[in-house]
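> let's see this in three dimensions:
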Amino acid sequence: MKDMLPAWLTPQEIESTLAKATEPDSAALSAILEKSLALQPLGLAEVAALLRVESKEGLRTVFEAADKVKQKVYGDRVVLTAPLHLSNHCGSECLYCANRRNNTLIERRYMTPPEMREAALHLIRQGHKRVVLVSGQLPNAEVEYLAEAVSIMYTVYEDMGELRRVNINAGLLSEEDFRTLTRYDIGTVLLYQETYHEESYRAAHKSGPKSNYFKRLNGPDIAKQAGINEVGLGLLLGLGPWEFDLLALTQHSAHLLRLYGEGTHTVSLFRMRPAPGALLTPPYALRDAEYLRCVAIARLALPTAGIILTTREPSGLWRNGCSVGASQLITGSVANPYQDWDENAGEHGVHFPLNEDLHVDEVVRFLLEECRHLPSFCTACPRLGRVGSEFYNITSECGMRSQCGPNSIASFMEFLLHYATPYTRGLGDRLIAEKLRALTEGERMAAVRILQKVLAGRVDEFI
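Numbering: from 1, shown residues only. Coordinates of the predicted model:
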């Protein structure tokens, strides 16, 4: 059974649906978008129809609808999360990855507990409240190492700064190991299939734990059965045919919804990028325009999911992505929690990690100057127990906008008061005034009430 496709994944149906799909006329397109605006997940044929929209007017309608869906669910906020790379040790040979087992161009490191604490302090000093711990499929002692890292993240404080939400992006664990992690207040567990296209998957994942295509497909079920509240799916766009992958991810989320009362909590959409020592270039590289279409259609297909982009994409691209449905940004780790590691670069001078040097103030400033989106550091939902199926029920019925607006404003003001540069503070104050005017009267009253507490010196205020 473990060497068979799960019943929810039907490659032949996906291929057939894509082959039959044609550009919908205006009435059919409106019907699909109305379903998404009603916060209902789309089916395969509906997603495939959106993939066939080619006219300028049709694409503009799709992009506008994607933004409206995101606004209805979450309001005009973009949640910021920093990745923290614990280790580049890995037991898998994935040809696109710098961490692949046989790569000799990088120095291998495990972050020690003192280094974890120092890295957490670097994050806190910039104003981060959310972190995702990243590692390869660690060769040994993975769950104990991850559990210790989570514990450390939650116990590092400086002045009024702390990390309030710790997510994990690591290798597939056993059900017993996932159950162990549930005792450590972890947030979302990110389990990326990378590509659902079997031929492409096998060509890229040559050996090691991640090479087992079928086991990887079943990973989210293992995590959910172990008691993990929130599981996030993800694609490495360009590794497989992106249209196929998007439909397969839609099937995967529908399966999770049927069994556990919540589909995928998040969808990470990262494009395949060059990496030192990688042996594979993108077999199905996406142009920028295709990437934005993928982001928008993912939002429409899965209206309540958090759509995550990365600032490793060109700034104009992730900016535009935030305007067509993206609700979260991986912002780059602190510049630089790994400063002591630079002396130990590999023999070719390659440091670990790579290109993770954005300061969060830069990202916030860009959002304020270029996008007019509200940067958010809010962690209210998990702290109030709005997780898993309960979170899905709230978002699918009426969205989180009424909470997200006031809470995001309060968390952003906390950042502006304690961490922002003076220029960013001025921009942020003006944007908050603008966003307050756009709220409903009830939302505005709630926002003003908690803003007053933050301005008086309180932290971690939310409704």
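
> any idea of the pLDDT on the nearest residue to residue 103 once chain neighbours are set aside?
Distance criterion C-beta to C-beta, 6 or more residues apart in numbering; nearest residue to residue 103, sequence neighbours excluded, is residue 277 at 3.7 Å. Every residue, glycine included, has its C-beta placed from N, CA and C. You'll see residue 277 listed with a pLDDT of 86.

> ok, now residue 379?
Looking at residue 379, its pLDDT reads 94.

> do a quick rundown of the strands in the protein.
Assigned by DSSP state E, the chain shows strands spanning 77-87, 93-94, 130-135, 157-158, 161-162, 165-169, 189-190, 205-207, 231-237, 266-271, 306-310, 328-330, 374-376.

> the first one to strand 130-135, inter-axis angle?
To tie it back to what came earlier, the one meant is strand 77-87. 30 degrees (axes from the mean of the first three to the mean of the last three C-alpha atoms, to 10 degrees).

> same for strand 77-87, what does it pack against?
Contacts defined by 3 or more C-beta pairs under 8 Å, 6 or more residues apart in numbering; DSSP states H and E place strand 77-87 against helix 113-126, strand 130-135, helix 142-154, strand 165-169, strand 328-330, helix 360-366, strand 374-376, helix 401-418.

> CA atoms only: put it into PDB for me.
Provided in PDB are the C-alpha atoms of strand 77-87 (Å, rounded to 0.1, in the frame of the first residue of the first chain):
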ATOM      1  CA  ARG A  77      -2.300  42.800   5.800                       C
ATOM      2  CA  VAL A  78       0.900  40.900   5.000                       C
ATOM      3  CA  VAL A  79       2.300  38.700   7.800                       C
ATOM      4  CA  LEU A  80       6.100  38.700   8.100                       C
ATOM      5  CA  THR A  81       8.100  35.600   9.100                       C
ATOM      6  CA  ALA A  82      11.800  35.100   9.300                       C
ATOM      7  CA  PRO A  83      13.500  31.700   8.400                       C
ATOM      8  CA  LEU A  84      16.200  30.500  10.800                       C
ATOM      9  CA  HIS A  85      18.400  27.800   9.300                       C
ATOM     10  CA  LEU A  86      19.400  25.400  12.100                       C
ATOM     11  CA  SER A  87      21.500  23.000  10.000                       C
END
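
> tell me the mean pLDDT over that strand?
On average, strand 77-87 scores 92.

> grab the nearest non-local neighbour of residue 307.
Per C-beta to C-beta, 6+ apart, closest to residue 307 is residue 326, 4.7 Å.

> for that neighbour, grab the count of nearby residues.
Neighbourhood size, residue 326 [other C-beta atoms under 10 Å]: 28.

> ok, residue 436 next?
Look at residue 436: counted by other C-beta under 10 Å, it has 16 neighbours.

> one more: residue 13?
Neighbours around residue 13, by other C-beta under 10 Å: 13.

> rewinding a little: ok, the residue nearest to residue 307 touching residue 309?
Yes - Residue 326 lies in contact with residue 309 (C-beta atoms under 8 Å); the separation is 4.8 Å.

> find residues that contact each of those two.
Listed as contacting both residue 326 and residue 309 by C-beta atoms under 8 Å, 6 or more residues apart in numbering are 269, 295, 318.

> isn't the second one up against residue 308?
No - look at residue 295 against residue 308 with C-beta under 8 Å: they stay out of range, at 10.0 Å.

> overlap of the contact sets of those two?
Common contact partners of residue 295 and residue 308 (C-beta under 8 Å, 6+ apart): 269, 326.

> quick check: closest non-adjacent residue to residue 282.
Nearest non-adjacent residue to residue 282, counting by C-beta to C-beta, 6+ apart: residue 238, 3.4 Å away.

> tell me who's in contact with the one you found.
Residue 238 touches 271-272, 282-286, counting by C-beta under 8 Å, 6+ apart.

> likewise for residue 89?
Neighbours of residue 89 in contact, by C-beta under 8 Å, 6+ apart: 99, 108-110, 135-136, 138-139.

> could you dump these to TSV with distance to residue 259, pLDDT and neighbour count?
Shown next, in TSV, are those (distance: C-beta to C-beta, whole Å; pLDDT from 0 to 100; neighbours: other C-beta atoms under 10 Å):
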residue	distance to residue 259	pLDDT	neighbour count
99	32	87	23
108	38	81	16
109	38	81	17
110	35	85	14
135	27	87	23
136	29	81	26
138	28	72	21
139	32	62	15
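
> identify the farthest-apart pair in those.
The most widely separated members of the contacts of residue 89, counting by C-beta to C-beta, are 109 and 139 (13.4 Å).

> could you measure from the residue nearest the centre of the chain over to residue 233?
Most central in the chain under C-alpha atoms, centre = their mean is residue 308, positioned 3.4 Å from the mean C-alpha point. Distance, residue 308 to residue 233, using C-beta to C-beta, to the nearest Å: 10 Å.

> cool, and residue 292?
Distance from residue 292 to residue 233, counting by C-beta to C-beta: 20 Å.

> returning to that earlier point: can you redo the strands of the chain as a markdown table with distance to residue 423?
Shown next, in a markdown table, are the strands of the chain (distance: least, C-beta to C-beta, whole Å):
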| stretch | distance to residue 423 |
| --- | --- |
| strand 77-87 | 18 |
| strand 93-94 | 41 |
| strand 130-135 | 24 |
| strand 157-158 | 23 |
| strand 161-162 | 21 |
| strand 165-169 | 27 |
| strand 189-190 | 34 |
| strand 205-207 | 45 |
| strand 231-237 | 34 |
| strand 266-271 | 30 |
| strand 306-310 | 25 |
| strand 328-330 | 20 |
| strand 374-376 | 15 |
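
> okay, those, which one's buried deepest?
Greatest average neighbour count among these goes to strand 374-376 (a mean of 27), per mean count of other C-beta atoms under 10 Å.

> show me what that one is packed against.
Strand 374-376 sits against strand 77-87, helix 401-418, helix 422-438, with contacts defined as 3+ C-beta pairs under 8 Å, 6+ apart.

> distance from the second one to the middle of the chain?
What separates the centre of helix 401-418 from the centre of its chain is 20 Å, taken as C-alpha atoms, centre = their mean, to the nearest Å.

> send me it as CSV with only the CA atoms.
Extracted in CSV, the C-alpha atoms of helix 401-418 (Å, rounded to 0.1, in the frame of the first residue of the first chain):
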residue,chain,number,x,y,z
ARG,A,401,-10.8,40.5,8.4
SER,A,402,-12.6,41.9,11.5
GLN,A,403,-9.9,40.6,13.7
CYS,A,404,-6.9,40.8,11.4
GLY,A,405,-7.4,44.6,10.8
PRO,A,406,-7.2,45.8,14.4
ASN,A,407,-4.7,43.1,15.5
SER,A,408,-2.4,43.8,12.6
ILE,A,409,-2.4,47.5,13.2
ALA,A,410,-1.6,46.9,16.9
SER,A,411,1.3,44.5,16.2
PHE,A,412,2.6,46.9,13.5
MET,A,413,2.5,49.8,15.9
GLU,A,414,4.5,47.8,18.4
PHE,A,415,7.1,47.3,15.7
LEU,A,416,7.2,51.0,14.9
LEU,A,417,7.6,52.1,18.5
HIS,A,418,10.4,49.8,19.4
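
> output the contacting helices and strands for it.
When contacts are defined as 3+ C-beta pairs under 8 Å, 6+ apart, helix 401-418 packs onto helix 56-74, strand 77-87, strand 374-376, helix 380-383, helix 422-438, helix 441-455.
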